[in-house]
Each structure stands twice: as structure tokens, then as C-alpha cells.
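>>> Dropping a prediction and its sequence here:
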Amino acid sequence: MQFKHPEILYFLFLLVIPILVHLFQLRRFKKEFFTNVKFLKELSIQTRKSSKIKKWLLLATRLLLLAFLIFAFAQPFFKAKDSENTNNELFIVLDNSYSMQAKGQKGELLKRAVQDLLEFTSQNSNFSIITNDENYWNTNINATEKDLQNLKYSAIPFSLETALTKIKSRKTFVNKDIVIITDAIGMNKNHIKNNDKNNKTYFIIPEAEQLKNIAIDSVYLAQTLDDFYEISVQFSSNFEEKKAIPVSVYNQKNLIAKTILNLKKNKETINFTIPKADFNGYVNINDNSLAFDNTLYFSISEPKITNVLSIGVTEKSDFLSRIYTKPEFNYSNSLISTLDYSQLNKQDAVVLNELDNIPVALQTNLKSFVTKGGNVILIPSEKNEISNLNSFLNNFGGIQFSNFQNQEKKITKINFSNPLFSNVFEKKITNFQYPNTLQSFVIKSNASQAITYDDQSAFLTSIQKQTGTVFVFSAPINKTNSNFQNSPLIVPTFYKMAMNTDKNGVKYETIGNTNPFLITANTTNNEVISIKNPSEEFIPSQQIMSDKIKISCADNPTLAGNFEVIQSKKNIGNISFNFDRNESNLTLPSDETLADLNVISNIESFFETIQINRTDSQVWKWFLIFALLFLLLELFIQKFVK
């Protein structure tokens, strides 16, 4: 026990006063004479005994009364269990990602968490709130009440590391209490390993009643017919059971197709046939779980011809003319000696087909070409010097040629996760006629391998350079060195390498994705491109590149939807935006992860816990109560004890 005013304890010496009063009675007794004193003698002895008992009782009560009164004024208390963290600064991390849209016992998880904060947070408490996209530093519940009530779901996925980094950057002279309110979807032990041990971290993990969720993952162009597009819509779910889900396809607000998705496994695909024209719409489903991933917006532009230029001898380029045919492609071939460099910027793809040497001027022009969104396909020649090839590839980084090998190799593996082969094959092919090469270069690269030899070395590698891509073969593919031209794999490979998805195919962007995209437009330096729909308008970051504009939207827009690209108040194109689907998989963390966390039930329990553990137990009131009891006891003795 400790005292708030220990100096008052010096008044305990006053306890001497009642002792002196009782030991030295100042009262004088008078003698009275009676005729018969025998009875009076016995009465005197009895009275003296009871008087002594009364005096001792009065002395004890007065001593205790005075002592308890002095102790009460000294204000005794028991120190709090967690007194070291009494002055901690409070930080609340509130996950407002779309997975918090799931419903718990009391409604949507995020809305319930906000309601609890408004209800149980003291109006006198200062704290900071960190959400996925907003920060409110050193505020109170009154100042943030409207902001919390209007808090929207964020397209930015929840990142505990990012939130803790923000808190760490706030330098304080005291320790920190960190309350993290999240559904913990996708979280693991590594996410909190860098947390400061001096900080007190608490987790509130609201649980959803329904973890089963169905999402629209992607939409892609399956094939192009004379008058129609066939699009494929891919769905995913985190459960396996039979379920019928209605699916609708809209062009703007017009319903153009409707069917039933018979969900039987985690991944399902449905094909729709739509008119071959400009399309600016969405696919929609209805399920009882998350709502944000039930709609996927997409745009399809009227098909445009893809321009492909092959640079090399005509004899080795015949196979390309059979792949890049009209009306989809406008194909041409040129010798390096007669190449018109001014024609490069008009192309969508350029094939360097076994050139013995790549001139410096061509290297410089192709670097600019890729920057503007063009695709380059490099097929090396056995006569080309390695230094010349590497000089060209240095413009793009991440890949180099080494020694040339006279060794036969079989091409045995397709990387289906590579963007080149996404949505090309209905199922993964493991048994096909393996093509081979007799001679090949060794490629050193960390870039993604699209096609691989049986020794796990690269046959075809792709380097993504923002809006353009460079495809690099490790070997000549003429008929003398390889039978790849006779393989069924050659057509989809070269088709996808040349196809420009900005001109043909399904187009949509992911909100929060920093990768830029191109829009074809002729503009001056003074013109500004804006992106708008009926509910939102913003000006993206933009860079003029001759007849194209490189657009980067960062975290804009805030809501998914179909948008128009506006130049000088005119619509020059359509673009669609969707939320990231990472939040769709409602997978709870493992028990091992939760075991390492300081989990509390709700925000009310948090405030009650720190109130109990960090508040000193004041006991002066009990001392005052006992003092009053001893005062009453003294009065009782005075009145009733003879």
C-alpha cells in the first residue's frame, strides 16, 4: 500500500493525546459518609471495574478513530498492475477493406466496429485512427464521429505492415497502445514480427457468420467471330458444393444475356456471345456474402487491325505471313538494309527475325517503340555476336545471352501462369508433341519463362516494360535448327505476342494498380485528359507520346465502374475499373497465428481492461468509513456501557 500524501502520517503523533487524557484523569472525587458502608463498599468495587472497561474501550475507539482519520487524509492506494503504461498513446488500426463487408451477428463487420468505437470510446480520450486509405492523428471521438460514420470501404487491401510502419514513424515520448480491428483474412505471423516490443498490441478479430463467397475473377475474349465476340467469364469460390447462381451481362444498362451458373467446383467458366461492336458494360451475380466482387466491369473496343513488321530475310519469314493474316493483322516484312525507321512507330509488334547484327540506330528506335507500348519479338541468329545481342537487351534490362551451345534440347514445359498464355488453353496440356532445337544460346535472366526446355532453361522469356513487352527466344527457329514451326504451339504463341490488347480484346484496370496503360489520341501539350462517369471524375497522371498518351491512375477512381476518356469535352474511348479480387478469398488465419496474438473480444473489453489494470485502487474511502464507524461505536459505548 502506498500513500498519495505520506507527509500527513506525521499527525499520528496526535494519538498520544487520548492516551494522556485517559491515563491522567483531571476529575476530583468528593467523599460522602453513610451510616452503613458494607453494601456501598461492594458497589464501589463493582463500579470501579466497569468504569475501567469503559475507559479502555473508549481509549481504543478514539485511537482507532483518529488513526483511521489520519490515514484517510493521507489517501492510501494500491498501485495499478500495469502502471508503467498508464500514459500510453492510443493508436487504433481499423481495417476497412472489402472483406470487412462480410456480415457477422450484428451486421457488416466494419459498420459494427465503427458503432462500437462511437459507443465505448471516452469523449476525453485522445487517439489516432489508421485506416487503409486515411489517417486521423491525435484526435478524439467527437472530432472523428462524422468521418467514422461516413467511412467507406477501401479498394486498397489491408496491410498490417504498412499500418505499423505509419505508427512507428510517429515519434512519441511514451509507449503506444495499438488496437488492431481486422478480420485477419490472409494474415500470418510474419505480419507482426517487426512490431516494437515496448508497444502493447491488441487484436480485435470480428468473425463473419458466412465465409462462403463467390467472385467474378476475370473476363476475356475467347474468340472473335465474323459478327460476334465470344467472351469467357471466370468465377471462383472458396467452397465446393453444388449451387445455382444467376449471371447477367449488361451493355451499359441494357441486359443482353442471362444464364445460370451451376457451381460445382472452385473454378468455373461460362461463355457468352455478344455483338461485335463497342461494348461498355459489366457482368453481375448475386450471392449472400461479399458484394464488391459480384460485379466486373469491362470494355471492348471495335476491332482494329494489328500492324506487325518482320525484319529479316524473306525466306525465314514465310511462317509469320501464314500466322499474321488479314483481316486481323496487317503484316509486312523488310530487309534490314531497306528498313524505313519512320514506319516503326506505326506498328504494334516488330519481329527481329534472325538478324546477323542489330544496328545501334535500330536499337535506339526499338527502345522508344517499347516505351510507347509496342511489342518486340527477338529471334536470335547463330551468326549474331553475343555482345551485339546483349547491347540491345541492355535497353530493357533483366536478361542477357551467354555461350552458344551445339546441343539438342527438347521443349517440354509451358508456363500457363505467364501472361502470354493466360486464357489461351482451356486446360493445362502435359502431353504434347515436344519440339526441339539443335543449337541454342544460354539465357541468364530473372524474368518470367513462358516456354522451357527439359533441363529447366528458358526457350522463350518475356520482359514486361510497363505498356510494352519484349519477347526473347533463346534459339533460332528456322526449319534447319528447329521443328518449332511445325508445332501446334507456334500459332497461339506468335498470335498472343503480337496482339495489342489496347486495340483488341477485353479491357479493364484494377483500382490501386500503378501500372500505366495507353490511350490512342492526338493531343497538344496544353490539353488535359480526364476520366469520368456520372458519379466521379478525375484527372490521371499522363504523358504524351506522339499519337498515344500514357495514363497512370494510382488509387483513382474510388469506386468501380465504366468510365469515359474525355479530351476537349469529347469522348475518345472507354475504360473500366474494378476492385482487386485479393479480398474475395475469406480464409481465416491458422490457429497457430492466432495463438501468438493478444486477442480481445471487443473494444469495450479493451477499455475496461486498461481501466482496471492501469487505475490505482483508492482505499482512503474505506478508512473514512471505518473512522465514522468508530465514532458511532464511541457514542454507543458512552450511552449504553455503564
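Okay, I see it.
>>> Which residue ranges make up each domain of this protein?
Per automatic domain parsing, the structural domains of the chain span 2-26+34-79+618-640, 83-209+589-615, 214-303, 311-482, 508-578.
>>> okay if I get these as a markdown table plus distance to Phe494 and mean neighbour count?
Every residue, glycine included, has its C-beta placed from N, CA and C. What follows is the domains of the chain, written out as a markdown table (distance: least, Cβ to Cβ, whole Å; neighbours: other Cβ atoms under 10 Å):
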| stretch | distance to Phe494 | mean neighbour count |
| --- | --- | --- |
| domain 2-26+34-79+618-640 | 78 | 13 |
| domain 83-209+589-615 | 36 | 17 |
| domain 214-303 | 17 | 16 |
| domain 311-482 | 5 | 17 |
| domain 508-578 | 22 | 16 |
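>>> need the ones you listed in CSV with mean pLDDT and distance to Tyr495, can you?
Output for these, formatted as CSV (pLDDT from 0 to 100; distance: least, Cβ to Cβ, whole Å):
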stretch, mean pLDDT, distance to Tyr495
domain 2-26+34-79+618-640, 74, 77
domain 83-209+589-615, 84, 33
domain 214-303, 87, 11
domain 311-482, 88, 6
domain 508-578, 86, 20
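>>> Would you mind putting those domains into CSV with distance to Pro488 alongside?
Rendered in CSV, the data for the domains of the chain read as follows (distance: least, Cβ to Cβ, whole Å):
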stretch, distance to Pro488
domain 2-26+34-79+618-640, 80
domain 83-209+589-615, 39
domain 214-303, 16
domain 311-482, 7
domain 508-578, 30
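>>> what distance separates the host helix or strand of Phe298 from the centre of its chain?
In this assignment (DSSP states H and E), Phe298 forms part of strand 295-300. Shown here is strand 295-300, whose average C-alpha point lies 23 Å from the average C-alpha point of the whole chain (Cα atoms, centre = their mean, to the nearest Å).
>>> Please list all residues in contact with the nearest residue to Ser541 once chain neighbours are set aside.
Beyond its immediate neighbours in the sequence, the residue positioned closest to Ser541 (Cβ to Cβ, 6 or more residues apart in numbering) is Ser552, lying 4.3 Å away. Ser552 makes contact with 514-516, 540-542, according to Cβ atoms under 8 Å, 6 or more residues apart in numbering.
>>> need the helices for the chain, in chain order.
Residue ranges of the helices in the chain, as given by DSSP state H, are 16-23, 38-73, 109-120, 141-149, 160-169, 318-323, 360-371, 386-393, 490-498, 591-595, 603-613, 620-640.
>>> returning to what we had before: just send the contacts of Ser552 back as TSV, with distance to Thr144 too.
Formatted as TSV, the entries for the contacts of Ser552 read as follows, by distance: Cβ to Cβ, whole Å:
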residue	distance to Thr144
Thr514	29
Asn515	34
Pro516	35
Pro540	30
Ser541	31
Gln542	35
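>>> out of these, which one sits closest to Asn333?
Pro516 (31.0 Å; Cβ to Cβ).
>>> right, and the closest one touches Thr467 too?
Yes - between Pro516 and Thr467 there is a contact under Cβ atoms under 8 Å: 5.8 Å.
>>> Tell me which of the helices of the chain sits nearest to Glu302.
helix 490-498 (19.0 Å).
>>> Now do the same for the closest one: mean pLDDT, whole number.
Averaging pLDDT along helix 490-498 yields 88.
>>> And that helix, how far out from the chain middle?
Taking Cα atoms, centre = their mean, the mean C-alpha location of helix 490-498 is offset from the chain mean by 35 Å.
>>> Which strands or helices does it pack on?
Helix 490-498 sits against helix 318-323, strand 349-353, strand 375-379, with contacts defined as 3 or more Cβ pairs under 8 Å, 6 or more residues apart in numbering; DSSP states H and E.
>>> These: which one's closest to Ile19?
Taking Cβ to Cβ, strand 375-379 is the member of the helices and strands packed on helix 490-498 nearest to Ile19, at 105.0 Å.
>>> partners of that closest one, with directions?
Strand pairing for strand 375-379, determined by DSSP bridges: strand 349-353 (parallel), strand 468-473 (parallel).
>>> Turn those into JSON lines, columns for distance to Thr144.
Shown next, in JSON lines, are the strands paired with strand 375-379 (distance: least, Cβ to Cβ, whole Å):
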{"stretch": "strand 349-353", "distance to Thr144": "53"}
{"stretch": "strand 468-473", "distance to Thr144": "45"}
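>>> between those, which one is nearest to Asn284?
Within these, the stretch nearest Asn284 is strand 468-473; the backing value is 32.0 Å (Cβ to Cβ).
>>> So what touches the closest one?
Under the contact criterion Cβ under 8 Å, 6+ apart, strand 468-473 has outside partners 369-380, 393, 396, 399, 420, 443, 445, 450, 459-463, 497.
>>> Quick check: neighbours shared by Pro516 and Thr467?
Lys550.
>>> hmm, back to that, between the helices and strands packed on helix 490-498, which gets nearest to Tyr297?
When the helices and strands packed on helix 490-498 are ranked by distance to Tyr297, counting by Cβ to Cβ, first place goes to strand 375-379 at 26.0 Å.
>>> and the angle from the closest one to helix 386-393?
Interaxial angle, strand 375-379 versus helix 386-393 (axes from the mean of the first three to the mean of the last three Cα atoms, to 10 degrees): 170 degrees.
>>> Return strand 375-379 as PDB; C-alpha atoms alone will do.
Output in PDB follows, covering the C-alpha atoms of strand 375-379 (Å, rounded to 0.1, in the frame of the first residue of the first chain):
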ATOM      1  CA  ASN A 375       5.900  -5.400 -78.500                       C
ATOM      2  CA  VAL A 376       9.300  -6.600 -79.800                       C
ATOM      3  CA  ILE A 377       9.900 -10.300 -80.600                       C
ATOM      4  CA  LEU A 378      13.600 -11.200 -80.800                       C
ATOM      5  CA  ILE A 379      14.600 -14.400 -82.600                       C
END
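>>> And it, how far out from the chain middle?
Here the centre of mass of C-alpha atoms in strand 375-379, compared against the chain's by Cα atoms, centre = their mean, lies 36 Å away.
>>> Identify the residues contacting it?
Contacts to strand 375-379, defined as Cβ under 8 Å, 6+ apart, come from residues 312, 348-354, 366, 369-370, 389, 392-393, 468-473, 476-477, 494, 497-498, 500.
>>> returning to that earlier point: kindly provide the distance from the residue nearest to Ser541 to Ser576.
Shown here: Ser552 relative to Ser576, a distance of 16 Å by Cβ to Cβ, to the nearest Å.
>>> Also Glu354?
Separation of Glu354 from Ser576 (Cβ to Cβ) stands at 40 Å.
>>> thinking again about what came up before, could you point out which of the strands paired with strand 375-379 sits nearest Thr412?
By Cβ to Cβ (comparing all of the strands paired with strand 375-379), the closest turns out to be strand 468-473, at 15.9 Å.
>>> So what's the gap between that closest one and the chain middle?
Relative to its parent chain, strand 468-473 has a centroid offset of 31 Å by Cα atoms, centre = their mean.
>>> Just the CA trace of it, in PDB.
Output of strand 468-473 as PDB, limited to C-alpha atoms (Å, rounded to 0.1, in the frame of the first residue of the first chain):
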ATOM      1  CA  GLY A 468       5.200  -2.800 -73.900                       C
ATOM      2  CA  THR A 469       6.700  -6.200 -73.800                       C
ATOM      3  CA  VAL A 470       9.900  -7.800 -75.100                       C
ATOM      4  CA  PHE A 471       9.800 -11.500 -76.000                       C
ATOM      5  CA  VAL A 472      13.200 -13.300 -76.400                       C
ATOM      6  CA  PHE A 473      13.800 -16.700 -77.900                       C
END
